[in-house]
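Student: With the sequence up front, the predicted model follows.
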Amino acid sequence: DQQVKQNSPSLSVQEGRISILNCDYTNSMFDYFLWYKKYPAEGPTFLISISSIKDKNEDGRFTVFLNKSAKHLSLHIVPSQPGDSAVYFCAAGRTGTASKLTFGTGTRLQVTL
Amino acid sequence: DAGVTQSPTHLIKTRGQHVTLRCSPISGHKSVSWYQQVLGQGPQFIFQYYEKEERGRGNFPDRFSARQFPNYSSELNVNALLLGDSALYLCASSIGQGVVTEAFFGQGTRLTVV
């Protein structure tokens, strides 16, 4: 049972444009969501998170939107840069289980010149 | 400040053997979790340890075990290795158990079972 889904395995965006990565979840007990970025041969790097009491969180070029009724979240990267090319994972957790995260399968973002 | 460190970075083992992977969390972090990532998938939760006690376990067989030491470092042990155990094993550390915080990952140990 895939509780966190990233239905787009890959995405290609031109440099300077907006990248939108999507994530859906099925477990309504999740109350904390995180996005990680992963380069080959490295561990995931934390990008940004959002609590279920919010619907938006911004950090520089990265914004995460949460739609609880649709059980959907998205990561917006504006403007996209070539260094953003990586695999992006959406993860979900529950309060009190700080490191027990459920991950999606990832979306490979390619930012082209 | 040192991040999460894992050792070794790469390992090749034969079917049926045993392996021990090690993780040192970020200083001040008391929670360590282990994840398995196979090619094309997201990391899958194996164990969480907090204050040297197991606080969570994923859907993995009993061949997988772990422990946490007084200095909060951790070991993941896998017995009777199978080809399907070939994966990137990731360790994550976070500050505590009760508060939802970010989990910070090490670079992983690439295990190949032949």
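Tutor: In hand now; what should we look at?
Student: partners of the residue nearest to the spatial centre of chain B in the sheet?
Tutor: In chain B, the centroid-proximal residue (CA atoms, centre = their mean) is B:Trp34; its distance is 3.0 Å. Counting by DSSP bridges, B:Trp34 is bridged to B:Phe47, B:Cys91.
Student: Run a quick check on it versus B:Val78, I expect a contact.
Tutor: No: using CB atoms under 8 Å, B:Trp34 makes no contact with B:Val78, being 10.3 Å away. Where you see a C-beta, it was placed from the backbone N, CA and C, and this is true even at glycine.
Student: Could you name every residue contacting both of the two?
Tutor: By CB atoms under 8 Å, 6 or more residues apart in numbering or on different chains, B:Trp34 and B:Val78 have these common neighbours: B:Leu21.
Student: so where is the chain shaky, pLDDT-wise?
Tutor: Picked chain A for this. A:1, A:96-99 (pLDDT under 70).
Student: hmm, I had chain B in mind actually
Tutor: B:1, B:96-101.
Student: give me that answer again for 90
Tutor: Within chain B, the ranges that satisfy pLDDT under 90 run B:1-2, B:28, B:30-31, B:39-40, B:50-52, B:55-56, B:94-104.
Student: What is the three-state secondary structure of the residue in chain B that chain A sits nearest to?
Tutor: Residue nearest to chain A within chain B (CB to the nearest CB): B:Gly42, separated by 3.2 Å. Secondary structure for B:Gly42, judged by DSSP: H, G, I helix; E, B strand; the rest coil, is coil.
Student: any idea how far it is from A:Phe89?
Tutor: 5 Å (CB to CB, to the nearest Å).
Student: What of B:Asn59?
Tutor: 19 Å.
Student: what do you get for A:Gly106?
Tutor: 5 Å.
Student: Quickly list what's touching both of those two.
Tutor: Common neighbours of A:Gly106 and A:Phe89 (CB under 8 Å, 6+ apart) are A:6, A:38, B:42.
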